[in-house]
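Enquirer: Return a 3D structure for these sequence lines:
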Amino acid sequence: MSVTTTPNGARAAAPPPPHQPQQQSPPQQQPPRRTAFAEGWDHLRASATTEPGRLRIIGAVLAALVLAFGTVTAWQTTARTTAADDVLGNSQPLTSAAADIYRSLADANTAASSGFLAGGQESEETRERYEKDIRTAAAKLVTAANSSDPGSPSARTIATLNRLLPEYKGLIERARANNRQGYPLGGAYLRHANDTMQTRMLPAAEALYTSESRRLRADYADATPYPWAAIALGATTLAALAWAQHRTYRRTNRVLNHGLVAATAATAIALLWLTVGHTVARAGLNDSYDHGIRSLDVLHDARIASLKARGNENLTLVNRGAETVEVAPGEFDDKFDVAYRASMKDLAEGLAEAAALADDDRGKAPVRAATGNMDVWQDRHREAREADDAGDYQTALDRIIGAKSEQPTGECFDSVDRNLQAAIAHEEREFERSAGDGRDALTGLAAGAAVLAVLGAAGALVGIGRRLSEYR
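Expert: Residues are numbered from 1 along each chain as shown. Purely as a prediction, here's the structure:
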């Protein structure tokens, strides 16, 4: 404390100096907290500077690669197995059912026109054939409806056919009732029924068949591609395991590391199984398509053409020139006879293509027989048309729907249809055999790949663990 002297000589304490504020140091900035990923990465980099750390990283990467390979293999194999199952048990049977719906409707229309031509003498056989076709079409529509997705184009087409089928049956019954009483109105009802069938029902049935065929081809597209992702990952895994063993050999002069050898063997077996299994499956499925589905498509089309030809042949006699079309400038011909010739042309082309696609004698024989039946059919039809054009209607009628002794065209049509059915049955068996072989080639592959991947990953970890134990 400082002391001052007053005027009278007394001493007094000097006042304290004014208060000086103390200067505070600024607070230190805390570094931002690092992310867990960054800290982990630094730890990994630090570990990689030592041999044990590098071995741990190598072991983890090898195990991850082996497990990833097994996972991708199981995933891609399961997807292809499911698609192959759909080809064999779902889309192909539904495609065949759609073709049966078309065939049943067309055959029912043919039987109805044949019965109409017979007038009051309609045979029980013809009547039963018509009723059987209607029942078959109705049953197949129920099956297709149960297998279609709600709201899909196929479901809407099936609903349309279910609505039109009773309408068509009603028209046929009116035609029969009037025909039995000799009223000409029966022919008008039959033509109306045929028009309903030809312009509404059969196109709808054909659309259903086309839709199911597209679905079948989509299933083939899902089932046949090679699993390139799994194959590439398997090859990468094998390369990584080979590199790890070579690295171990260079540092230890030991030729074999049992764990890594086991991992390599498990991966190689899985990769070989994957490649061979998919190659065999692809070959079987492609064979089932080339020599099964393609032949079936052509045979179904040929059968439909024969049914159309038969129906138009009958309606030519029912129509008797009431409806004509212009075939050349100023030249007209019966509408149904023109349609008959177009259908027979389609039939001839279909039979020629089916014969070319058939890959064995059992497939070719019924097609050749059907071709011979078609040739006879055309000859007899020509004779019937000549009789009808000459005004001999009864002879023309006998040549179309007469007794067997009169060599009618109906006999030829039945033979064509029977031989085409035999060819279809043979090709369906060929399809089932080849597609079944292709699907079976993938049996157990997904589960086997998963087991081998677990064993391979364990082997890789054990092999690296043996090396780590040498540093303890």
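Enquirer: What is the helix or strand containing I172 packed up against?
Expert: Per DSSP states H and E: I172 is located in helix 153-180. In terms of contacts (3 or more Cβ pairs under 8 Å, 6 or more residues apart in numbering; DSSP states H and E), helix 153-180 is packed against helix 92-118, helix 124-147, helix 185-196, helix 202-223. (Each C-beta comes from the backbone N, C-alpha and C, glycine too.)
Enquirer: Centre of the chain to stretch 140-155, how far?
Expert: The chain centre lies 16 Å from the centre of stretch 140-155; the measure is Cα atoms, centre = their mean, to the nearest Å.
Enquirer: From the opening residue of that stretch to its closing one, how far?
Expert: The first and last residues of stretch 140-155 sit 13 Å apart, counting by Cα to Cα, to the nearest Å.
Enquirer: what's the average pLDDT for that stretch?
Expert: Averaging pLDDT along stretch 140-155 yields 83.
Enquirer: now swap in stretch 268-286 and tell me
Expert: Here the average pLDDT along stretch 268-286 is 94.
Enquirer: related to what we said a few turns ago, could the helices and strands packed on helix 153-180 be laid out in a markdown table, adding distance to D375 and mean neighbour count?
Expert: Shown next, in a markdown table, are the helices and strands packed on helix 153-180 (distance: least, Cβ to Cβ, whole Å; neighbours: other Cβ atoms under 10 Å):
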| stretch | distance to D375 | mean neighbour count |
| --- | --- | --- |
| helix 92-118 | 20 | 24 |
| helix 124-147 | 25 | 16 |
| helix 185-196 | 27 | 19 |
| helix 202-223 | 26 | 20 |
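Enquirer: SS state for P225?
Expert: coil (DSSP: H, G, I helix; E, B strand; the rest coil).
Enquirer: what sits against it?
Expert: The neighbours of P225, taking Cβ atoms under 8 Å, 6 or more residues apart in numbering as the test, are R80.
Enquirer: What does it show for phi and psi?
Expert: Here is the backbone geometry of P225 (degrees, to the nearest 10): phi -70, psi 150.
Enquirer: The chain should start at 746 in everything you say after this.
Expert: Understood, numbering begins at 746; the last thing we discussed is P970.
Enquirer: distance of it from L1030?
Expert: Applying Cβ to Cβ, to the nearest Å, the value for P970 to L1030 is 11 Å.
Enquirer: Pull the distance from the helix holding I917 to the chain's centre.
Expert: Distance, centroid of helix 898-925 to centroid of chain: 31 Å (Cα atoms, centre = their mean).
Enquirer: for stretch 938-956, same thing?
Expert: That offset, for stretch 938-956, works out to 23 Å (Cα atoms, centre = their mean).
Enquirer: ok so, going back, for the helix holding I917, buried residues please.
Expert: 899-900, 902-903, 905-906, 909-910, 913-914, 916-917, 919-921, 923-924 (16 or more other Cβ atoms under 10 Å).
Enquirer: Tabulate the helices and strands packed on helix 898-925 in TSV, adding columns for distance to A989.
Expert: As requested, the helices and strands packed on helix 898-925 are exported to TSV (distance: least, Cβ to Cβ, whole Å):
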stretch	distance to A989
helix 837-863	47
helix 869-892	52
helix 930-941	74
helix 947-968	36
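Enquirer: Quick one: closest of those helices to L810.
Expert: Across these, the minimum distance to L810, taken as Cβ to Cβ, is reached by helix 947-968, at 26.9 Å.
Enquirer: Contacts for whichever helix or strand comes after the closest one next, please.
Expert: As assigned by DSSP H and E, the chain's next helix or strand after helix 947-968 is helix 973-997. Contacting residues not belonging to helix 973-997 are listed as 803, 806-807, 810-811, 813-814, 817-818, 820-822, 999-1002, 1005-1006, 1008-1009, 1012-1013, 1015-1016, 1019-1020, 1205, 1208-1209, 1212 [Cβ under 8 Å, 6+ apart].
Enquirer: Among those residues, which are located in strands?
Expert: Secondary structure from DSSP state E places none of the contacts of helix 973-997 in strands.
Enquirer: What's the ChimeraX syntax to select whichever of those are buried?
Expert: In ChimeraX, a selection of the buried entries from the contacts of helix 973-997 looks like this (16+ other Cβ under 10 Å):
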select :803,807,810,811,813,814,817,818,820,821,822,1002,1005,1008,1009,1012,1013,1015,1016,1019,1020,1205,1208,1209,1212
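Enquirer: Sort out for me which of the contacts of helix 973-997 are in helices.
Expert: 803, 806-807, 810-811, 813-814, 817-818, 820-822, 1005-1006, 1008-1009, 1012-1013, 1015-1016, 1019-1020, 1205, 1208-1209, 1212 (DSSP state H).
Enquirer: Name the residues of stretch 1087-1101 that are buried.
Expert: S1088, M1089, D1091, L1092, A1093, G1095, L1096, E1098, A1099, A1100.
Enquirer: check which helix or strand covers the second one.
Expert: M1089 is located in helix 1080-1102, with elements delineated by DSSP H and E.
Enquirer: chain center to that helix: distance?
Expert: The answer for helix 1080-1102 is 28 Å, by Cα atoms, centre = their mean.
Enquirer: In the very next helix or strand once past it, which residues are buried?
Expert: Heading C-terminal from helix 1080-1102, the first helix or strand you meet, by DSSP H and E, is helix 1106-1134. Buried positions in helix 1106-1134, judged by neighbour count with 16+ other Cβ under 10 Å: 1108-1116, 1118-1119, 1122-1123, 1125-1126, 1129-1130, 1132-1133.
Enquirer: For the helix or strand following helix 1106-1134, which residues meet the burial criterion?
Expert: Next in sequence after helix 1106-1134, counting helices and strands by DSSP H and E, comes helix 1138-1146. For helix 1138-1146, a neighbour-count test (16+ other Cβ under 10 Å) marks T1140, A1141, L1142, D1143, R1144, I1145, I1146 as buried.
Enquirer: ok, now which ones touch the second one?
Expert: Listed by Cβ under 8 Å, 6+ apart, the contact partners of A1141 are L1062, A1129, R1130, A1132, D1133.
Enquirer: Now for the spatially most central residue of the chain: which residues touch it?
Expert: The centroid of the chain falls nearest to D964 when counting by Cα atoms, centre = their mean (2.3 Å). Counting by Cβ under 8 Å, 6+ apart, D964 makes contact with A828, A829, D831, V832, N835, S836.
Enquirer: just checking, the first one is part of a strand?
Expert: No: the secondary structure assignment for A828 gives helix rather than a strand, going by three-state DSSP.
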